[in-house]
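> Build me a structure from this.
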Amino acid sequence: MARYLGPKLKLSRREGTDLFLKSGVRAIDTKCKIEQAPGQHGARKPRLSDYGVQLREKQKVRRMYGVLERQFRNYYKEAARLKGNTGEKPVDSAGRSSGQRCIPYGLRRDSC
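Numbering: from 1, shown residues only. Take a look at the predicted model:
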C-alpha cells in the first residue's frame, strides 16, 4: 500500500487543523503557524464554494487516515454497497484495514 512520504505539517497547515500526523509531544502551534496555509500566498484565505468545502473535508479525512485517493474511493464504493450511513462506513472500513488496526482506538499507524 502506498502512502504519502512528504512534509506532514504542510498537510496540517493546508487543512487548517491538527491532523495528528506527528507525535503528540509538542503542541502543533509550537511547531508551525497552523492558521496560515503553506506556500507563498498562504496568508490569503480564499473563499470556498460548496464544492470546495466538501473537497477540503474529504481531503482532511483522507489525510488523517493516511490513504491515497484510489484506496479511499474503494472504501467509499464498499460503503455505498452496504446498508447504513454511507458517510460513516468508509471510516469504519479504513479502521478495519490490516495495516491500520490502531485507528479505532485513536492511535496513528506510527505509534502502534
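
> quick one, phi/psi of Asn85?
Note on Asn85: backbone dihedrals following degrees, to the nearest 10 are phi -70, psi 120.

> Show the pLDDT at it.
We have a pLDDT of 76 for Asn85.

> count of residues packed around it?
A count of nearby residues for Asn85, using other Cβ atoms under 10 Å, gives 9. Where you see a C-beta, it was placed from the backbone N, CA and C, and this is true even at glycine.

> if I look at it, how far off is Arg63?
Distance of Asn85 to Arg63, computed by Cβ to Cβ, to the nearest Å: 22 Å.

> Now do the lengthiest helix in the chain: distance to the chain's middle.
Ordering each helix of the chain by length in residues (DSSP state H) puts helix 50-65 first. Centroid separation for helix 50-65 versus its chain: 7 Å, with Cα atoms, centre = their mean, to the nearest Å.

> Give me the average confidence score over it.
Here helix 50-65 scores 89 as its mean pLDDT.

> List the buried residues in it.
Neighbour counts over helix 50-65 (16 or more other Cβ atoms under 10 Å) mark Lys60, Val61, Arg62, Arg63, Met64, Tyr65 as buried.

> Farthest-apart pair in those residues, please.
Greatest spatial distance among the buried residues of helix 50-65 (Cβ to Cβ): Lys60 and Tyr65, at 9.9 Å.

> Show me what the longest helix of the chain is packed against.
Applying 3 or more Cβ pairs under 8 Å, 6 or more residues apart in numbering; DSSP states H and E, one finds that helix 50-65 contacts helix 8-15, helix 69-81, helix 89-96.

> Residue most distant from the centroid, this protein?
Lys83 (24.4 Å; Cα atoms, centre = their mean).

> distance of it from Lys22?
37 Å.

> returning to what we had before: roughly how far does the residue farthest from the centre of the chain sit from Asn74?
Going from Lys83 to Asn74 by Cβ to Cβ gives 18 Å.

> what residue ranges in the chain score low on pLDDT?
The model of the chain has pLDDT under 70 over residues 1, 23, 28-30, 88-112.

> Recalculate using a threshold of 90.
1-48, 56-57, 59-68, 71-112 (pLDDT under 90).
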